[in-house]
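Q: I'd like to go over a predicted model; first the sequence, then the structure.
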Amino acid sequence: MFRNQYDTDVTTWSPAGRLFQVEYAMEAVKQSSAAIGLRSKTHVVLACVNKASSELSSHQKKIFKVDDHIGVAIAGLTADGHVLSRYMRNECINYNFTYESPLPVGRLVVQLADKAQVCTQRSWKRSYGVGVLVAGLDESGAHLYYNCPSGNYFEYQAFAIGSRWQAAMTYLERRFENFMDSSREDLIKDALISVRETLQEEKLQISVCTVAVVGVGEPFHILDQETVRKLIDTFEIVREDGSPAPEPGDAAPDLGEAAPAAAAEEGAAPMDI
Amino acid sequence: MTKQQANWSPYDNNGGSCVAIAGADYCVIAADTRMSTGYNILTRDYSKITKLADKCVMASSGFQADVKALQKLLAARHLIYQHQHNKQMGCPAMAQLLSNTLYYKRFFPYYSFNVLGGLDNEGKGCVYTYDAVGSYERVGYSSQGSGSTLIMPFLDNQLKSPSPLLLPVQDAITPLSESEAVDLVKTVFASATERDIYTGDKLEIVVLNAEGIQREFMDLRKD
């Protein structure tokens, strides 16, 4: 994207009907380290790449537990994500207090989306610079939603956000039809492989990735490093020659062409990434 | 012109008694399960005890609607604490939170007489006793509720150290073993049930120790 005369305020439309400030917020999501979500009928898995700014510092926290049945992974301005997580936690607590039952995931994402929309229509505010993958379980089953800085949200079978999301999406698009009936272990394995796709040259190690699961009978929790390390080793995801490990249920790995990046040129406003 | 009197009270007393006793490495919290209003019994099977955190249990008698509201509030606050601190609340922390929560409604109080029991940060038993507006104190044992006037003197007789002025304040722990403390609680409630009409039906005993939380029930007189 290039600078133009319509991009100073969030309250200024461009002649093509775009709000550039909001689109810049979505750029912030694309530039950050990746986060991936997948779901089956009974489980939802979130995985993310944890980049530390230097070897001396700790990793940024990108996965947050919102309630026993809901967790989120964020990509973008982590500080914004922290604030939104606190909001979501409060909403869950208040709903539970009033109705003595867990907040349905679909309700939470609508509230989150409306909160994001407010920032796109106030001259003294800026959009939240964070994309939120919401993984949750409620009476209607397992859900994965993506909440955009623009205030849009969609439900997904699997989704990837952040840098090199296209690489993960290529893999997910190839495999998503199997996810609904996947076992918990296969789902986690697919998540780890997707993370590996976004890393390209780097080795998939426990130091760079975090995995969280929520499922039927399983409250949302982040898998501890030991468990993740064992999974990575068991699945032999990383190989010395760089070729991808055998995918769950596949005969031979099929290296398809990477899907072209979403058009950010002139044309339809990329309001849904 | 005489002063106007209220023709309606927001409060009701649902009766019942609560007791807690702290040991060296355990804590016993007990309450009867009778819920009454006036001279009537609403139910014989209502728990006045709630777990607030892994190492903290509260028993409350008084107006059960206020008790329920108080329990829900504390549970929500505990969730927030867990999100922020990544760990459970300890008993002393919960004790202070309860006090502050009660005082917050100093001018429209929770009609709730509470006794908090659990394990402190060193794993020793602790009991905190409250009035309706949050004044609290850590003690070795306590009772609240309609039977407390009958129970407390007996506990003093059995548990109070002979010279409290000489003993350090920290030694607020009974020398009894866990099973002895549970037996004492059963004895105490059996006696209170005889003379207090609001106490009876069933006794719920919760024991907190290093292994976790155990729950036990004992029948009491139903008249």
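A: In hand now; what should we look at? Numbers count the residues shown, from 1 in each chain, chains lettered A, B, ... in the order given.
Q: contacts and neighbour counts: CA atoms only from here.
A: Will do.
Q: helix, strand or coil for the residue nearest to B:H78 when sequence neighbours are not counted?
A: Of all residues not flanking B:H78 in the chain, B:M89 sits nearest, at 6.8 Å (CA to CA, 6 or more residues apart in numbering or on different chains). Secondary structure for B:M89, judged by DSSP: H, G, I helix; E, B strand; the rest coil, is coil.
Q: Also B:A76?
A: B:A76 ends up helix, using three-state DSSP.
Q: where's the residue nearest to it when sequence neighbours are not counted relative to B:H78, distance?
A: The shortest distance from B:A76 to any non-neighbouring residue, by CA to CA, 6+ apart, is to A:I93 (6.1 Å). Noted for A:I93: a distance of 10 Å to B:H78, by CA to CA, to the nearest Å.
Q: need the residues of the stretch 1-150 of chain A near chain B, please.
A: A:K65, A:R89, A:N90, A:I93, A:N94, A:F97 (CA under 8 Å from any CA of the partner chain).
Q: Of the residues you listed, just say which sits nearest to A:L187.
A: A:L187 lies nearest to A:K65 out of the residues of the stretch 1-150 of chain A next to chain B, by CA to CA, at 19.2 Å.
Q: tell me the phi and psi of that closest one?
A: phi -80, psi 130 (degrees, to the nearest 10).
Q: what about residue 138, neighbour count?
A: You didn't say which chain, so I picked chain A. 16 (other CA atoms under 10 Å in any protein chain shown).
Q: ah, no, chain B please
A: 18.
Q: What strand or helix carries the residue lying closest to it once chain neighbours are set aside?
A: Computed as CA to CA, 6+ apart, the closest residue to B:R138 that is not its neighbour in sequence is B:Y128, at 4.4 Å. Using DSSP states H and E, B:Y128 falls within strand B:125-130.
Q: next one: B:Y110
A: Going by DSSP H and E, B:Y110 is not in any helix or strand.
Q: Just the ones in strands from the residues of the stretch 1-150 of chain A next to chain B, please.
A: A:K65 (DSSP state E).
Q: Tabulate the residues of the stretch 1-150 of chain A next to chain B (TSV), appending neighbour count.
A: Below are the residues of the stretch 1-150 of chain A next to chain B laid out as TSV (neighbours: other CA atoms under 10 Å in any protein chain shown):
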residue	neighbour count
A:K65	22
A:R89	22
A:N90	17
A:I93	23
A:N94	16
A:F97	16
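Q: Narrow the residues of the stretch 1-150 of chain A next to chain B to those in helices?
A: A:R89, A:N90, A:I93, A:N94, A:F97 (DSSP state H).
Q: For the last one, which residues are in contact?
A: For A:F97, the residues meeting the contact criterion (CA atoms under 8 Å, 6 or more residues apart in numbering or on different chains) are B:K72, B:L73, B:A76.
Q: just curious, which of these is nearest to B:M58?
A: Using CA to CA, the contacts of A:F97 come closest to B:M58 at B:K72, 12.1 Å.
Q: Can you tell me the closest non-neighbouring residue to the closest one?
A: A:F97 (6.7 Å).
Q: Regarding A:V22, what is its secondary structure?
A: helix.
Q: any idea how far it is from A:Q117?
A: Distance from A:V22 to A:Q117, by CA to CA: 10 Å.
Q: Those two: which has the busier surroundings?
A: Neighbour tally, A:V22 and A:Q117, criterion other CA under 10 Å: the higher count belongs to A:V22, 26 against 19.
Q: gap between that one and B:V206?
A: 56 Å.
Q: Mind listing what's buried along stretch A:170-177?
A: By neighbour count on 16 or more other CA atoms under 10 Å in any protein chain shown, the buried set for stretch A:170-177 is A:T170, A:Y171, A:L172, A:R175, A:F176.
Q: If you could redo that for stretch B:67-87, that was the one I meant.
A: Buried, per 16+ other CA under 10 Å, within stretch B:67-87: B:67, B:70-80, B:83.
Q: Next: stretch A:49-56.
A: In stretch A:49-56, counting by 16+ other CA under 10 Å, buried: A:V49, A:N50, A:K51.
Q: Could you do stretch A:77-97 as well?
A: Applying 16+ other CA under 10 Å to stretch A:77-97 flags A:77-78, A:80-82, A:84-95, A:97 as buried.
Q: Same question for stretch A:117-128.
A: In stretch A:117-128, counting by 16+ other CA under 10 Å, buried: A:Q117, A:C119, A:T120, A:R126, A:S127, A:Y128.
Q: and what of stretch B:45-56?
A: B:Y46, B:S47, B:K48, B:I49, B:T50, B:K51, B:L52, B:A53, B:K55, B:C56.
Q: One more: stretch A:136-145?
A: Those buried within stretch A:136-145 under the rule 16+ other CA under 10 Å are A:G136, A:L137, A:D138, A:A142, A:H143, A:L144, A:Y145.
Q: Test for you: state the pLDDT assigned to A:S243.
A: pLDDT, A:S243: 49.
Q: quick one, strands of the stretch 151-273 of chain A?
A: Along the stretch 151-273 of chain A, counting by DSSP state E, counting those that start in this stretch, strands occupy A:153-155, A:158-161, A:209-215, A:218-222.
Q: And the helices in chain B, which stretches?
A: Using DSSP H, helices in chain B cover B:64-85, B:91-104, B:148-159, B:178-195.
Q: May I see those organised as TSV, with mean pLDDT added?
A: Shown next, in TSV, are those (pLDDT from 0 to 100):
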stretch	mean pLDDT
helix B:64-85	97
helix B:91-104	98
helix B:148-159	94
helix B:178-195	97
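Q: Kindly reformat the ones you listed as CSV containing distance to A:V10.
A: Listed next are those as CSV, based on distance: least, CA to CA, whole Å:
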stretch, distance to A:V10
helix B:64-85, 33
helix B:91-104, 42
helix B:148-159, 65
helix B:178-195, 66
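Q: Tell me which of these lies nearest to A:L231.
A: Nearest to A:L231, of these and by CA to CA, is helix B:64-85 at 27.2 Å.
Q: List the contacts of the closest one.
A: So helix B:64-85 is contacted by A:65, A:89-90, A:93-94, A:97, B:13-14, B:50, B:52-53, B:60-61, B:87-89, B:97-98, B:110-112 (CA under 8 Å, 6+ apart).
Q: rerun at 7 Å
A: With CA atoms under 7 Å, 6 or more residues apart in numbering or on different chains as the test, helix B:64-85 has contacts from A:I93, A:F97, B:N14, B:L52, B:S60, B:Q88, B:M89, B:Y110, B:Y111, B:S112.
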